[in-house]
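Asker: Model the following, please.
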Amino acid sequence: MAELEILEPLVGFFCPTSEAASTCNEFISNHSQVLPPIGPIFYFLLFPLVFTIIFIMILMSSVKVAQGKGIQVLLGITAFIFIIISGWYPVMLILSEFWYIAIVLLGFLWFIKGHFGKKEGGGGGKGGGLAALGLGGAMGMLMSKKQEHDELKLAESSLSMAEGRLHAIEEGKEPRPADAMQQVEDSLVSATSAINRMLADPVHTSTAMKLEKRKNEVLKEVQKFKKKKQ
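Answerer: Sure, this is the predicted structure:
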């Protein structure tokens, strides 16, 4: 894809590990239809960089050791470099997307409170309480979204593992089919746990139901294979 070719040098820099590069390329592909080719650049470069800088600024301001501006800047730069070389930039990609959504929603609520709160008096226009609550709420939302993304990734990888091993067993490519079947069942257990945790959140019910259907299809294949062997 053209977007991947344009951003390939940036992917090599911001996503230095193989796993990070794979996640970054997948992220760009998922956003390739948004105002191409500028949209993917915004989502991959501009938004996460702004989010990362603000995140580091908030983090450094809370570090008691870093009282001097020079020390804070030094720690901030090294923290940014550490995030990049550790392969954590894909995490910032995901968090930044949800962060901007949270900021827009909180800004809308702040506007409503400031606009209509004046009628009730008490300085509602400043919205300071909402702003203070919004920062903590936004960070909490970001961490929640990160956890949900991890659950989705775990469920999908577990199902892919189960499907791949099961097909290999059916085609006679597994030298130890009993052990491979045990791995299939273990993967299904792992997928079930992740799916159940996703089902607890109404926002992800639709995605979880699709994964549940996919898991049930794998279970049916396992049962058919076991019946053939009996």
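Asker: Now do the helices in this structure.
Answerer: Using DSSP state H, the helices of the chain run over 2-14, 18-30, 38-41, 47-61, 69-85, 89-117, 128-170, 177-199, 205-229.
Asker: Mind putting those helices into JSON lines with mean neighbour count?
Answerer: In this view, the C-beta of every residue, glycine as well, is placed from N, C-alpha and C. Converted to JSON lines, the helices of the chain look like this (neighbours: other CB atoms under 10 Å):
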{"stretch": "helix 2-14", "mean neighbour count": "15"}
{"stretch": "helix 18-30", "mean neighbour count": "16"}
{"stretch": "helix 38-41", "mean neighbour count": "17"}
{"stretch": "helix 47-61", "mean neighbour count": "16"}
{"stretch": "helix 69-85", "mean neighbour count": "13"}
{"stretch": "helix 89-117", "mean neighbour count": "17"}
{"stretch": "helix 128-170", "mean neighbour count": "16"}
{"stretch": "helix 177-199", "mean neighbour count": "17"}
{"stretch": "helix 205-229", "mean neighbour count": "14"}
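Asker: and these, which one's lowest on average pLDDT?
Answerer: Least confident of the helices of the chain, judged by mean pLDDT, is helix 128-170 with a mean of 66.
Asker: ok, Lys224 - contacts?
Answerer: By CB atoms under 8 Å, 6 or more residues apart in numbering, Lys224 lies in contact with nothing.
Asker: can you do 10 Å?
Answerer: Glu170 (CB atoms under 10 Å, 6 or more residues apart in numbering).
Asker: How much space separates it from Met181?
Answerer: 13 Å (CB to CB, to the nearest Å).
Asker: Quick check: Thr207 touching Ala194?
Answerer: No: Thr207 lies out of contact with Ala194 (CB atoms under 10 Å); the separation is 11.2 Å.
Asker: Backbone torsions only: list them for Pro16.
Answerer: phi -70, psi -20 (degrees, to the nearest 10).
Asker: My read is that it contacts Tyr89, right?
Answerer: Yes: using CB under 10 Å, Pro16 is in contact with Tyr89, at 8.7 Å.
Asker: Take stretch 49-63, keep the C-alpha atoms, and write them as CSV.
Answerer: C-alpha atoms of stretch 49-63 as CSV (Å, rounded to 0.1, in the frame of the first residue of the first chain):
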residue,chain,number,x,y,z
LEU,A,49,3.6,12.4,19.3
VAL,A,50,1.5,15.2,20.9
PHE,A,51,0.0,12.7,23.3
THR,A,52,3.4,11.2,24.2
ILE,A,53,4.9,14.7,24.8
ILE,A,54,1.9,15.7,27.0
PHE,A,55,2.0,12.3,28.8
ILE,A,56,5.8,12.8,29.5
MET,A,57,5.2,16.4,30.7
ILE,A,58,2.6,15.3,33.2
LEU,A,59,4.8,12.4,34.3
MET,A,60,7.8,14.6,34.8
SER,A,61,5.9,17.2,36.7
SER,A,62,4.9,14.6,39.2
VAL,A,63,8.4,13.3,39.8
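Asker: Show residues contacting that stretch.
Answerer: Contacts of stretch 49-63 (CB under 10 Å, 6+ apart): 14, 48, 66, 69, 71-80, 83-84, 88-89, 91-93, 95-100, 103, 135, 139, 142.
Asker: can you do 8 Å?
Answerer: 66, 72, 75-76, 79-80, 83, 89, 92, 95-96, 99-100.
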